[in-house]
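A.B. asks: build me a structure from this.
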Amino acid sequence: MPPKAYEAAARQFEKTVEKLYELHCQSTDSDFRRQNPFGINQAIVMRAVLLDGDCLVVRRYRPVSGGLLGTCIQIIEGARLENPFAASAELDIREGVELDRDGVPIAYHIRNGNQYQRLSEENRVFRLSRYDETGAVQALHLFNARLPGQTRGEPFLAPVVEKFKQLGRYTNAEIMAAVISAFFSIFVTSEGTGPFGNRADAHLASRKPEDRERSSQKFGQGLMVNLLPGEKVESVTPGRPNSGFDPFVQAILRQVGIALGLPYEVLVQHFQSSYSASRAALLEAWKFFKLRRTWLIRMLCQPVYEWMIQEAVAGGMLDAPGFDDPLKRRIYLSAEWIGASMQSIDPLKDAKADEVRLNSGVASRRSLVEEQGRDYEKLKREIDSEMEDLKKSEPVETQDGKDLK
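C.D. replies: Here you go, the predicted model:
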């Protein structure tokens, strides 16, 4: 087969695989519970990892009538991982993760149902093998490992959860103090022995015994009170709202941003600096987001993509000669993931910068297009198709000077 024929066959295979994967992921057939498409499940997995520290994604097979593929995923929250009650002492199980002698995870112990169901100890936890009968991975344990030998993840806010708790208490206290200070309170001071001077002696004698302990009185709107000699009215200045509240909260949030790896401006979603400072904060945050996205692609998107393509090849939907060969299989299953690009603050400046990079030879058209989150080959085909349409629509001048379309 000529090289051009190989290239055409490869491009056709890529287009077919991409469209098959796109159609299956856009439907709820990719979800074991038939609730969400794969894009929403990605957000659920990321949220579960950030909140709980980890989660499980299990490969399941449930074909439906009219569906393209039967491969689907089931998401299991990490809180359901726990050690079995009567586990053998020879097994190395760490917080629900079973390891072999080399420390490799081989199974997961998952609690049945929810924590409110009453189950016997034998049926409370079931064992899920990490590998299926053929040796392929069927369960993905997603967590962000920071230490060697780590078997479980930690929540994203774990380093700063105490600061958030104290900051919430401080905010509630300041709000309550501001509400209390909104009520107008006064104190009547006198040289007498009882409250409100000598008048209180006769007033308290006429009241009920249980009410005599009260030393405050209510004043109505526009009420004028005559004061006895020696009495005077003094108001209280509580000093609320606190002028140091906002600087203190900003200082705490800056510490939180440093611990999480996020700039303060992005954390509070408030930009009050210059264009350069705002762009620098967004670029720092974008580095963090790209790392998280790369992690999600490698740990979730690529394995799920391979599960779907393997089923399509096994079912005859895709023609992949030599797929049984390990090297060729890896080539067939390889994919380049292009995500969305960062939104530009000033698109005109970014466009001029891309033009300078292209003309100076430090960047190619492909790299510039992929930086914007687009597929270069698809964009090139669209441009070529538009150019062909424009050529067909251009008028053709004949010998007699008339234009023909």
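A.B. asks: phi and psi next, for the residue most central in space within the chain.
C.D. replies: Geometric centre of the chain, nearest residue: residue 47, 4.7 Å, by CA atoms, centre = their mean. The phi/psi pair for residue 47 (degrees, to the nearest 10) reads phi -70, psi -40.
A.B. asks: from residue 313, how far out is it?
C.D. replies: 32 Å (CB to CB, to the nearest Å). Every residue, glycine included, has its C-beta placed from N, CA and C.
A.B. asks: same check, this time on residue 63
C.D. replies: Using CB to CB, residue 63 is found at 16 Å from residue 313.
A.B. asks: same question, residue 78
C.D. replies: 32 Å.
A.B. asks: and the longest helix for the chain?
C.D. replies: As assigned by DSSP state H, the longest helix anywhere in the chain is helix 3-26.
A.B. asks: averaged pLDDT, it. What do you get?
C.D. replies: Across helix 3-26, pLDDT averages out at 87.
A.B. asks: and stretch 150-161, by the same measure?
C.D. replies: Rounded mean pLDDT across stretch 150-161 is 91.
A.B. asks: before we move on, back to that, okay, residue 63 and residue 313: which has more neighbours?
C.D. replies: Set residue 63 next to residue 313 and count neighbours by other CB atoms under 10 Å: residue 313 wins out with 18 against 14.
A.B. asks: so where do the strands sit in the stretch 301-405 of the chain?
C.D. replies: 396-397, 403-404 (DSSP state E, counting those that start in this stretch).
A.B. asks: could you tell me the least trusted of the ones you listed?
C.D. replies: When the strands of the stretch 301-405 of the chain are compared by mean pLDDT, strand 403-404 comes last with a mean of 55.
A.B. asks: quick one: find the helix or strand in the chain with the lowest mean pLDDT.
C.D. replies: Sorting the helices and strands of the chain by mean pLDDT, DSSP states H and E puts helix 199-205 at the bottom, at a mean of 50.
A.B. asks: quickly run through the sheet partners of the helix or strand where residue 141 lies, with directions.
C.D. replies: Per DSSP states H and E: residue 141 is located in strand 139-143. The strands beside strand 139-143 in its sheet (DSSP bridges) come out as strand 54-61 (antiparallel).
A.B. asks: touching the partner strand from outside, list them.
C.D. replies: 32, 45, 48-49, 70-78, 81, 108, 110, 128, 132, 137-143, 152-153, 300, 304, 307, 311 (CB atoms under 8 Å, 6 or more residues apart in numbering).
A.B. asks: among those residues, which ones are buried?
C.D. replies: 32, 45, 48-49, 71-73, 75-76, 78, 81, 108, 110, 128, 138-143, 152-153, 300, 304, 307, 311 (16 or more other CB atoms under 10 Å).
A.B. asks: list the buried residues in stretch 152-162.
C.D. replies: Residues 152-154, 156, 160 are the ones in stretch 152-162 that count as buried (16+ other CB under 10 Å).
A.B. asks: export the residues you listed as JSON lines, with columns for distance to residue 340 and secondary structure.
C.D. replies: Formatted as JSON lines, the buried residues of stretch 152-162 follow (distance: CB to CB, whole Å; DSSP: H, G, I helix; E, B strand; the rest coil):
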{"residue": "152", "distance to residue 340": "31", "secondary structure": "coil"}
{"residue": "153", "distance to residue 340": "25", "secondary structure": "coil"}
{"residue": "154", "distance to residue 340": "28", "secondary structure": "coil"}
{"residue": "156", "distance to residue 340": "21", "secondary structure": "coil"}
{"residue": "160", "distance to residue 340": "27", "secondary structure": "helix"}
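A.B. asks: do you know how far the closest residue in space to residue 96 that isn't next to it in sequence is from residue 151?
C.D. replies: Of all residues not flanking residue 96 in the chain, residue 81 sits nearest, at 3.1 Å (CB to CB, 6 or more residues apart in numbering). From residue 81 across to residue 151, the span is 10 Å (CB to CB).
A.B. asks: now do residue 277
C.D. replies: 41 Å.
A.B. asks: with neighbour numbers in mind, choose between the two.
C.D. replies: Taking neighbours as other CB under 10 Å, residue 277 and residue 151 compare with residue 151 leading, 19 against 13.
A.B. asks: distance of that one relative to residue 145?
C.D. replies: For residue 151, the distance to residue 145 (CB to CB) stands at 9 Å.
A.B. asks: same question for residue 136.
C.D. replies: 22 Å.
A.B. asks: can you pull up the bridge partners for residue 74?
C.D. replies: residue 58.
A.B. asks: quick one: contacts for residue 148?
C.D. replies: No contacts exist for residue 148 under CB under 8 Å, 6+ apart.
A.B. asks: surely it forms part of a helix?
C.D. replies: No: secondary structure of residue 148 (DSSP: H, G, I helix; E, B strand; the rest coil): coil, not part of a helix.
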